[in-house]
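[1] Sequence first, then the predicted structure, then my questions.
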Amino acid sequence: MPTVSTRSTRSTRAAGPGPSPSPNAGRSRSLARLNLRAATISAAIAALIRDAGNPALDDRVRALHAELDDAGLTSMTPTLELAAAFRQAVLNDHDGLSATISRLRELTGGGDYAYYVDIACFMAGLPLPADQTAPQWLDGERATRARWHNLVSTRREVLRTGR
């Protein structure tokens with residue numbers, strides 16, 4: 001009759017070396033890749049904000065849109081649009097800003113990130129769309145509007161002076 005240690009050796013050999021893979025291991029790896037991709041895209045969006053004022057960023061914005069769609073990370077699209085709105089406000093690109101605000105309104109129509117429309121308007125010094133329900137800003141709309149617009153003004157000054 002085999003001893004306990006022999007039985008353990010046989011069962012170890014039958015199961016193969018190392019622990020058996022978890023049925024969730026593949027999902028965990030996929031989520032890790034998706035998280036890494038989302039972080040990479042977030043960094044690229046931050047770089048767009050950092051580089052605001054450069055008129056040659058349209059290709060980067062289009063590439064990020066495609067990457068978000070490809071990765072299925074469409075929940076990040078409003079953030080990309082807000083970064084584009086900052087860039088357009090810095091450049092005084094009224095046509096581009098109008099199109100971006102329209103896309104933001106469409107993307108945030110369900111309520112999530114609806115305040116991004118307000119922020120885009122504040123940055124550009126534009127009035128809110130007539131049918132836009134404004135959130136209750138902690139410091140009030142006037143102070144909030146001034147802070148967002150000041151970011152654009154400061155960026156324009158940096159570009160103008162080169163500092």
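    Looks like it arrived, so ask away.
[2] mind listing what's buried in stretch 149-156?
    149, 151-152, 155-156 (16 or more other CB atoms under 10 Å). Every residue, glycine included, has its C-beta placed from N, CA and C.
[3] Pull out the C-alpha coordinates of that stretch and format them as CSV.
    Only the C-alpha atoms of stretch 149-156 are listed here, as CSV (Å, rounded to 0.1, in the frame of the first residue of the first chain):
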residue,chain,number,x,y,z
HIS,A,149,-10.8,81.7,-17.9
ASN,A,150,-7.7,82.7,-15.9
LEU,A,151,-6.1,79.3,-16.9
VAL,A,152,-6.5,80.2,-20.5
SER,A,153,-5.3,83.8,-20.1
THR,A,154,-2.2,82.5,-18.2
ARG,A,155,-1.4,80.0,-20.9
ARG,A,156,-1.8,82.7,-23.6
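[4] what does that stretch rub up against?
    52-53, 86, 89-90, 122-125 (CB atoms under 8 Å, 6 or more residues apart in numbering).
[5] Kindly report the same for stretch 97-115.
    Against stretch 97-115 from outside (CB under 8 Å, 6+ apart): 77-79, 81-82, 84-85, 88-89, 116-117, 120-121, 124, 126, 129, 132-133, 135.
[6] returning to that earlier point: by pLDDT, rank the contacts of stretch 149-156 and give me the bottom one.
    Lowest pLDDT among these: Gly53, with 88.
[7] Assess the claim that Ala83 and Arg50 are in contact.
    No: using CB atoms under 8 Å as the test, Ala83 is too far from Arg50 to be in contact (9.7 Å).
[8] of the two, who's got more company?
    Ala83 (23 against 11; other CB atoms under 10 Å).
[9] distance between the ends of stretch 66-86?
    20 Å (CA to CA, to the nearest Å).
[10] what sits up against that stretch?
    34, 37-38, 41-42, 45-46, 48-49, 52, 61, 64-65, 96-97, 100-101, 103-104, 107-108, 112-113, 116, 119-120, 123-124, 151-152, 155.
[11] Give me the buried subset of the contacts of stretch 149-156.
    So, by 16+ other CB under 10 Å, the buried ones in the contacts of stretch 149-156 are 52-53, 86, 89-90, 122-124.
[12] rewinding a little: can I get the buried part of the contacts of stretch 66-86 as one PyMOL selection?
    Provided next is the PyMOL selection string for whichever of those are buried by 16+ other CB under 10 Å:
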select buried, resi 37+41+45+48+52+61+64+65+96+97+100+101+103+104+107+108+113+116+119+120+123+124+151+152+155
